[in-house]
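[1] Pasting the sequence and the predicted coordinates here, then a few questions.
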Amino acid sequence: MIYAARTSLLVALGSVAVSGSIGVPLGLLAGYFEGRLDGLIMRVLDAILAFPVILLAILVVASLGTRTINLVLTIGFVFIPYFTRLVRGNVLAVKHREFVEASRSCGAGTAYLIFRVVFPNVLSPVVVQASLTMSLAVLIEASLSFVGVGVQPPKPAWGSMLQASQLYLPTAPWYVLAPGACIFLSVLGFNLLGDGLRDVLDPGRRGR
Amino acid sequence: MMTSTEGHAAVTTVPSRLSLPASSPTRLLAWRQRLRGRGAFWFGAGIVGVLVLAGLLAPVIAPFDPLAIHPKDGLKAPSWT
């Protein structure tokens, strides 16, 4: 069970790192430059959003093999649009603010404006989104392991433990409790953490 | 800031260095104040902390190979060790 926690958290952390490291720069570029680049990026991401996660995972596992890294990449790939849309929306709101105009009028270059002026001001929602995405990633990893396309035995994972315990449900129903409780608690923990961070980091919600 | 109206024109003395009041909270204190009373946040942070610690300390908590099979032990009587 404890070793499965390690697997689940690593997969969740890895997939959030993959989606954040690709999604956030894409959102910065789409929001800052707008126009054709924005349209292109958003249409590609709309296409990614159309993929069902389970089918995509089966496709990746069938083509690349059942390695944990493939699972991390698949889950990370699925979450890229959520980060990009969030960052793009915030960049669109921030890029015409006075402090950005002031930096531009002082001679700041495009890269400086994007990464040193705009990016720090859109970081708070990204932190919150990362925390909430961790809970979803744990859930998706468990679902994929449950159906057999996720973490492969003998590597321990809560989803595959749940799947194994399903056989003993009539004779030993407590067997499903431990992996089920672990999945439940980890998802609850990340959700509460994300909600708390949102309350603290979002100026509009402070003091509620 | 002090203002003197003696004489013809008002004289304004501006302190040479503007400083925040002594009670101004630092960033850490501000965070602590914002997070105070948010039980749900601390509960979530606690769960995540326990999970991360369990993952990191897995070889210490359970120093047995999870993949090792001991078929002979299946015939042993129940014991606490």
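    Sure, I can see it. Residues are numbered from 1 along each chain as shown, chains lettered A, B, ... in the order given.

[2] Only the buried residues of the helix or strand hosting residue A:89, if you could.
    In this structure, residue A:89 sits in helix A:68-94 according to DSSP states H and E. Buried residues in helix A:68-94, counted by 16 or more other Cβ atoms under 10 Å in any protein chain shown: A:68, A:70-88, A:90-92, A:94. C-beta coordinates here come from the backbone N, C-alpha and C atoms, glycine included.

[3] Can you name every helix or strand that that helix contacts?
    helix A:2-33, helix A:35-49, helix A:53-64, helix A:123-147 (3 or more Cβ pairs under 8 Å, 6 or more residues apart in numbering or on different chains; DSSP states H and E).

[4] which helices and strands does the last one pack with?
    In this structure, helix A:123-147 packs against helix A:2-33, helix A:53-64, helix A:68-94, helix A:158-165, helix A:177-201, with contacts taken as 3+ Cβ pairs under 8 Å, 6+ apart.

[5] tell me which parts of chain B are close to chain A?
    B:31, B:34-35, B:38, B:40-48, B:51-52, B:54-56, B:58, B:61-62, B:66-67 (Cβ under 8 Å from any Cβ of the partner chain).

[6] and those, which of them are in strands?
    Among the residues of chain B next to chain A, DSSP state E puts none in strands.

[7] Give me the buried subset of these.
    For these, buried by 16+ other Cβ under 10 Å: B:34, B:38, B:41, B:42, B:44, B:45, B:47, B:48, B:51, B:54, B:55, B:58.

[8] Export those residues as a markdown table, with columns for pLDDT.
    Below are those laid out as a markdown table (pLDDT from 0 to 100):
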| residue | pLDDT |
| --- | --- |
| B:34 | 73 |
| B:38 | 77 |
| B:41 | 83 |
| B:42 | 87 |
| B:44 | 87 |
| B:45 | 88 |
| B:47 | 90 |
| B:48 | 89 |
| B:51 | 88 |
| B:54 | 87 |
| B:55 | 84 |
| B:58 | 83 |
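
[9] Provide the contact partners of stretch A:144-155 at residue level.
    A:7, A:11, A:53-54, A:57-58, A:61, A:66, A:68, A:71, A:141-143, A:157-160, A:162-163, B:66-67 (Cβ atoms under 8 Å, 6 or more residues apart in numbering or on different chains).

[10] swap the cut-off to 6 Å and go again
    A:7, A:57-58, A:61, A:66, A:68, A:71, A:141, A:157, A:159-160, A:162-163, B:67 (Cβ atoms under 6 Å, 6 or more residues apart in numbering or on different chains).

[11] Only the buried residues of it, if you could.
    Taking 16+ other Cβ under 10 Å as the criterion, stretch A:144-155 shows A:144, A:145, A:146, A:149, A:150, A:151, A:152, A:155 as buried.

[12] and that stretch, C-alpha only, in PDB?
    C-alpha atoms of stretch A:144-155 as PDB (Å, rounded to 0.1, in the frame of the first residue of the first chain):
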ATOM      1  CA  LEU A 144      -6.200   3.100 -15.800                       C
ATOM      2  CA  SER A 145      -4.500   0.600 -13.500                       C
ATOM      3  CA  PHE A 146      -7.900  -0.800 -12.600                       C
ATOM      4  CA  VAL A 147      -8.700  -1.600 -16.200                       C
ATOM      5  CA  GLY A 148      -5.200  -2.900 -16.800                       C
ATOM      6  CA  VAL A 149      -3.600  -0.300 -19.000                       C
ATOM      7  CA  GLY A 150      -1.900   1.700 -16.200                       C
ATOM      8  CA  VAL A 151       0.800   0.600 -13.900                       C
ATOM      9  CA  GLN A 152       1.500  -3.000 -14.600                       C
ATOM     10  CA  PRO A 153       2.000  -5.800 -11.900                       C
ATOM     11  CA  PRO A 154       4.200  -6.600 -10.100                       C
ATOM     12  CA  LYS A 155       4.700  -2.800  -9.500                       C
END
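
[13] mind checking pLDDT for the nearest residue to residue A:162 once chain neighbours are set aside?
    Of all residues not flanking residue A:162 in the chain, residue A:179 sits nearest, at 4.6 Å (Cβ to Cβ, 6 or more residues apart in numbering or on different chains). Residue A:179 carries a pLDDT value of 89.

[14] who touches residue A:179 in this structure?
    Per Cβ under 6 Å, 6+ apart, neighbours of residue A:179: A:158, A:161, A:162.

[15] Many thanks, have a good one.
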